[in-house]
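S.K.: coords please:
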Amino acid sequence: MKVTTINPATEQTLAEYDVMASDEISKVVQKAREAFKEWRNNMQKRAAFLYNVAHLFRKDKERLAKVITMEMGKAIKEARSEVDKCAWVMEYYADYGGNFIADETTNTDARKSFIAFQPLGVVASIMPWNFPYWQALRFASPSLMAGNAIVLKPASATLQCGIEIEKSFQKAGLPDGVFQTAVGDSKVAEMLIDSDVNAVTFTGSVEVGKKVGQRAVAQLKKCVLELGGSDPFIVCADADLEKASTGAVKGRFINCGQSCIATKRFFVVEKIADEFIERFTQKTEKLKVGDPLSEDTDVGPMVNSDSLENIEGIVTDAIDAGAEALTGGERKGNKGYYYSPTILTKISPKMRIAREETFGPVAPITVVKDEIHAVDLANHSEFGLGASIWTQDLIKAERLSRLVESGIVTVNNVVVSDPRVPFGGIKNSGFGRELSRYGMLEFVNIKSVRFYDQLIYNHHVE
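M.R.: A predicted model of the protein is given here:
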């Protein structure tokens with residue numbers, strides 16, 4: 001069997017890849033298990049390898065960025081930023097990873113007590129196409145630094161990106177087997193979960209995430225699931241509307257709207273709604289849609305024809321149910337999977353766009369009477385990943401941020417992932433955390449050790 005990748009800007013075939021068979025997956029995992037035995041032993045060497053790969057990513061930025069753009073249509077200037085961010089996360093964990101998992105001493109009735117943080121072994125990483133380097137490496141960097149070995153199964157649409165990551169680690173001199181890429185389709189992901197791995201991390205849709213979680217937990221394998229979101233964007237009556245409208249464009253249309261933490265539902269207090277909507281619409285209409293390899297392009301194509309048809313169906317459903325398109329609302333061009341940046345108003349809860357995760361360049365706006373009404377609507381969702389709140393009253397901002405049901409809240413800026421703070425959600429946005437020290441601790445054994453001078457006889461409860 002083969003997997004074919006297609007350039008979404010031209011609809012031309014890029015490459016064909018042979019799908020790995022079950023015995024090949026087993027060999028890859030066994031190779032990782034052997035490499036793990038030595039890899040886990042030297043923290044300083046692990047840090048040195050991450051520094052080396054970060055250097056290679058920066059040095060090879062233009063070529064790596066072009067691979068992203070060709071495979072999934074990301075605007076080239078955004079692709080470059082993704083490569084830079086990957087270098088940052090590798091350097092961050094090389095700098096601080098040792099501190100994050102240093103032994104902790106504690107006082108107990110024993111003479112000596114400490115907590116050790118030890119790697120689990122081999123971790124299967126099943127990653128999506130929308131940030132093919134970043135989402136793989138924001139997991140891999142802390143996990144490798146902790147001493148784990150990794151087998152990455154990249155998305156079928158961005159297989160070359162996954163292969164390029166492995167090549168970079170090889171060029172940096174990483175020991176053979178510590179980081180490997182498994183090429184194939186969803187069947188390969190299933191085989192990988194069923195193989196002799198110790199844990200699984202997955203980023204993708206709720207539907208697939210549930211299957212991954214069930215499969216992993218049935219085998220008592222630790223898993224982390226990042227399943228996307230439908231992030232609310234709350235504009236309060238006292239917001240700086242120039243900043244808020246600029247943030248709205250960035251938060252909704254980055255990566256053609258194909259981001260789990262992209263803004264997907266706008267709630268605007270009625271007092272300032274007209275002015276905000278006017279500014280947001282004007283700035284949206286200035287976005288340039290076109291060839292993602294062009295330096296002037298702001299919004300490239302969607303990743304494939306299925307995604308394009310899904311977005312078109314969501315917009316049609318909304319308009320048929322009474323929504324109004326202020327701009328966009330249609331395909332763009334005769335070639336490639338392009339869709340015009342779109343703003344919709346008069347949204348009602350019965351519409352698909354109000355319930356589903358809208359993975360594309362469409363912004364639905366709901367006018368609300370006040371901030372509490374906005375929070376109520378924001379929380380009325382099966383998702384709980386991120387949220388942004390726009391207000392100049394920071395006391396109000398803190399109060400509202402605690403009321404919003406999400407794993408991440410950003411005040412007066414768009415939601416972004418950052419190596420320094422935990423990333424993850426609640427409800428159908430998944431469980432577990434990536435990034436920061438908390439992300440590193442997801443794939444370690446937290447081991448408590450106590451030394452006693454003599455046997456304790458007075459323990460009556462386990």
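
S.K.: got a pLDDT number for the most centrally placed residue in the chain?
M.R.: Among the residues of the chain, the one closest to the centroid is Gln135, at 5.2 Å (Cα atoms, centre = their mean). Per-residue confidence at Gln135 stands at 98 (pLDDT).

S.K.: what about the strands in the stretch 251-400 of the chain?
M.R.: Counting by DSSP state E, counting those that start in this stretch, the stretch 251-400 of the chain has strands at residues 263-269, 324-327, 342-345, 362-368, 383-384, 386-390.

S.K.: Which strands and helices lie in contact with the shortest one?
M.R.: Applying 3 or more Cβ pairs under 8 Å, 6 or more residues apart in numbering; DSSP states H and E, one finds that strand 383-384 contacts strand 426-427. Any C-beta I mention is one placed from the backbone N, CA and C, and that applies to glycine too.

S.K.: Which secondary structure elements does the strand it packs on sit against?
M.R.: Under the contact definition 3+ Cβ pairs under 8 Å, 6+ apart, strand 426-427 sits against strand 383-384.

S.K.: contacting residues around the strand it packs on?
M.R.: 228-231, 357, 405-407, 425-429 (Cβ atoms under 8 Å, 6 or more residues apart in numbering).

S.K.: The residues you listed, buried ones only, as a ChimeraX selection?
M.R.: Buried residues among those (16 or more other Cβ atoms under 10 Å), as a ChimeraX selection:
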select :228,229,230,231,357,405,406,407,425,427,428,429
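
S.K.: Can you report phi and psi for Gly430?
M.R.: Backbone torsions for Gly430, taken as degrees, to the nearest 10, come to phi 110, psi -170.

S.K.: Looking at pLDDT only, which of the contacts of strand 383-384 scores worst?
M.R.: In terms of pLDDT, the lowest of those is Gly228, showing 90.

S.K.: need the contact list for Ala244.
M.R.: Val235, Phe276, Trp390, Asn412.

S.K.: Next one: it from Phe179, what distance?
M.R.: For Ala244, the distance to Phe179 equals 41 Å [Cβ to Cβ, to the nearest Å].

S.K.: go on, Gln214?
M.R.: 27 Å.

S.K.: These two - which one has more neighbours?
M.R.: With neighbours defined as other Cβ atoms under 10 Å, Gln214 and Phe179 compare such that Phe179 has more, 28 against 11.

S.K.: Quick one: residues contacting the closest residue to that one other than its chain neighbours.
M.R.: Spatial nearest neighbour of Phe179, excluding adjacent residues (Cβ to Cβ, 6 or more residues apart in numbering): Phe169 at 4.5 Å. By Cβ under 8 Å, 6+ apart, the contact list for Phe169 reads Phe49, Val53, Val178, Phe179.

S.K.: before we move on, what about Val416?
M.R.: Here Val416 is in contact with Ile261, Thr410 (Cβ under 8 Å, 6+ apart).

S.K.: still on that earlier bit, what about the residue nearest to the centre of the chain, which helix or strand?
M.R.: Taking DSSP states H and E as the criterion, Gln135 maps to helix 134-146.

S.K.: Quick one: mean pLDDT for whatever helix or strand comes next after that helix?
M.R.: Once the chain leaves helix 134-146, the next helix or strand it forms, by DSSP H and E, is strand 149-153. Strand 149-153 shows a mean pLDDT of 98 in the predicted model.

S.K.: relative orientation of strand 149-153 and helix 134-146 in degrees?
M.R.: 170 degrees (axes from the mean of the first three to the mean of the last three Cα atoms, to 10 degrees).
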